[in-house]
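*Asks:* for reference, the sequence and a predicted model appear below.
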Amino acid sequence: MGGIFLISLDFELAWGILDLPGKKTYLPRVIGARKAIPKILDLFAHHDIHATWATVGFLFFETKEELLEALPGERPRYKEKKLSPYDYLHVVGRDEKSDGLHFGASLIEKIMGTPGQEIGTHTFSHYCCLEEGVDMVSFESDVAAALRAGERFGLQLESFVFPKNQYNPAFLPILREMGIKTVRGNAQSWIYAPASKMQYNTTGKRILRLTDAYVNLTGHNVYPSQVLGKDIPINLPRSRFLRPYIKSLGFLEPRRLKRILDDLDAAAASDGLYHLCLHPHNFGEDMDTNLRFLNRILSHFSNLRKRTGMKSLSMRETYGLMVNPPRSID
Ligand SMILES: [Zn+2]
């Protein structure tokens, strides 16, 4: 068998960074993401990689007029006002041509045009499910708007990624009701446990998470498929987040790579699921270095696939395999 290699990408452009303190310094990366996405797709096509692009609903529109018409009626009332994208609508330009930070329709078409790629949802508004001020009614209204946005492209969105890794089990029944088949949960170690922004980003946890990218602190986070269960939506937890190249830690790049290649080897050897997560905007700077790094991961996987039969699957395809496992031939 050889295990499953799952890749999901949080596709959000500027809608994922509204609350960051150094927001302005991120904008070149976000603009860079628009160039990086076609290159990531080329690599996926070259290595025959299937992936899920969890896309923020705001990106599905071509003009501001269309976007405004599609906004959900009920909205979260975050205590931290900066999290609400509805307070930023005045800065949104007229259309994708004039404002590449807030619109993504042409990129969605590019993704759809690449074999094996699934469009999933990252909620309509980058809805942060563990922050103070969220509630069931506005969450349902948000997801309904996200699904309608997908329908504009003839898509039925079935795979869900919680923004800011704020996995909230209380919302799963709503997702099931709305036809979502899989969600991406968090890696198991306490340093990755779902929490509000403030509790997730303590200095101690941040240092440990950074260290874990280079040194094996939390194991390989490979999941045997029996652990994942059959409750819909099925949780396909994250194994590792692909961090961008950091110049000052450049000398540690071989360790960062080895950490992920070792994870893949462990998944292939144990017939487990390995779920790697990417932020396209992390390829927006040092693009060639980051793309080369990804290429090395994908090349390693290609070898494993040849040797062990390991598969590259989207979240939807993984669901299909779990619900209808192939019968073994006696
Ligand atoms: Zn996000």
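*Replies:* Okay, I see it. Only a predicted model underlies this, so the values are computations on that prediction, with no experimental measurement involved. Numbers count the residues shown, from 1 in each chain.

*Asks:* low-confidence ranges, the chain, go.
*Replies:* Applying pLDDT under 70 to the chain flags the ranges 1, 226-227, 327-330.

*Asks:* in it, which strand has the most residues?
*Replies:* The longest strand of the chain (DSSP state E) is strand 4-11.

*Asks:* excluding chain neighbours, what is closest to M178?
*Replies:* V143 (5.4 Å; CB to CB, 6 or more residues apart in numbering). In short, each C-beta sits where N, CA and C put it, glycine included.

*Asks:* quick check: the one you found vs P233, distance?
*Replies:* In this structure, V143 and P233 are 12 Å apart, going by CB to CB, to the nearest Å.

*Asks:* shared neighbours, the two?
*Replies:* F160, L175, I180 (CB atoms under 8 Å, 6 or more residues apart in numbering).

*Asks:* now those residues as TSV including neighbour count?
*Replies:* Shown next, in TSV, are those (neighbours: other CB atoms under 10 Å):
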residue	neighbour count
F160	24
L175	21
I180	24
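
*Asks:* which of those residues fall within helices?
*Replies:* Residues of the shared contacts of V143 and P233 located in helices (DSSP state H): L175.

*Asks:* next, count neighbours for the residue of the stretch 51-200 of the chain found nearest the ion.
*Replies:* Residue nearest to the ion within the stretch 51-200 of the chain: P163 (4.3 Å; CB to the ion). Close neighbours of P163, defined as other CB atoms under 10 Å, add up to 21.

*Asks:* I'd say it and C128 touch.
*Replies:* Yes: between P163 and C128 there is a contact under CB atoms under 8 Å: 5.5 Å.

*Asks:* what is the lengthiest helix in the chain packed up against?
*Replies:* Longest helix of the chain, by residue count under DSSP H: helix 23-47. For helix 23-47, the packing partners by 3 or more CB pairs under 8 Å, 6 or more residues apart in numbering; DSSP states H and E come out as strand 4-11, helix 105-112, helix 287-308.

*Asks:* could I get those in TSV, plus columns for distance to the ion and mean neighbour count?
*Replies:* Shown next, in TSV, are the helices and strands packed on helix 23-47 (distance: least, CB to the ion, whole Å; neighbours: other CB atoms under 10 Å):
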stretch	distance to the ion	mean neighbour count
strand 4-11	4	26
helix 105-112	16	17
helix 287-308	18	16
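
*Asks:* list the contacts for A195?
*Replies:* L130, Q166.

*Asks:* coming back round to it: what are the buried residues along the longest helix of the chain?
*Replies:* For helix 23-47, a neighbour-count test (16 or more other CB atoms under 10 Å) marks 26, 29-34, 36-37, 39-41, 43-44, 47 as buried.

*Asks:* ranges for the helices of this protein?
*Replies:* All helices of the chain, identified by DSSP H, fall at 23-47, 64-69, 105-112, 136-151, 172-177, 197-200, 203-212, 225-228, 253-270, 287-308, 315-323.

*Asks:* can you add distance to E80 and give those back as JSON lines?
*Replies:* As requested, the helices of the chain are exported to JSON lines (distance: least, CB to CB, whole Å):
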{"stretch": "helix 23-47", "distance to E80": "14"}
{"stretch": "helix 64-69", "distance to E80": "23"}
{"stretch": "helix 105-112", "distance to E80": "29"}
{"stretch": "helix 136-151", "distance to E80": "15"}
{"stretch": "helix 172-177", "distance to E80": "23"}
{"stretch": "helix 197-200", "distance to E80": "7"}
{"stretch": "helix 203-212", "distance to E80": "18"}
{"stretch": "helix 225-228", "distance to E80": "33"}
{"stretch": "helix 253-270", "distance to E80": "32"}
{"stretch": "helix 287-308", "distance to E80": "30"}
{"stretch": "helix 315-323", "distance to E80": "29"}
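
*Asks:* which one of the ones you listed lies nearest to W53?
*Replies:* Ranking the helices of the chain by proximity to W53 (CB to CB) places helix 105-112 first, at 5.2 Å.

*Asks:* other SSEs contacting the closest one?
*Replies:* Helices and strands touching helix 105-112, as assessed by 3+ CB pairs under 8 Å, 6+ apart, comprise helix 23-47, strand 51-55, strand 117-121.
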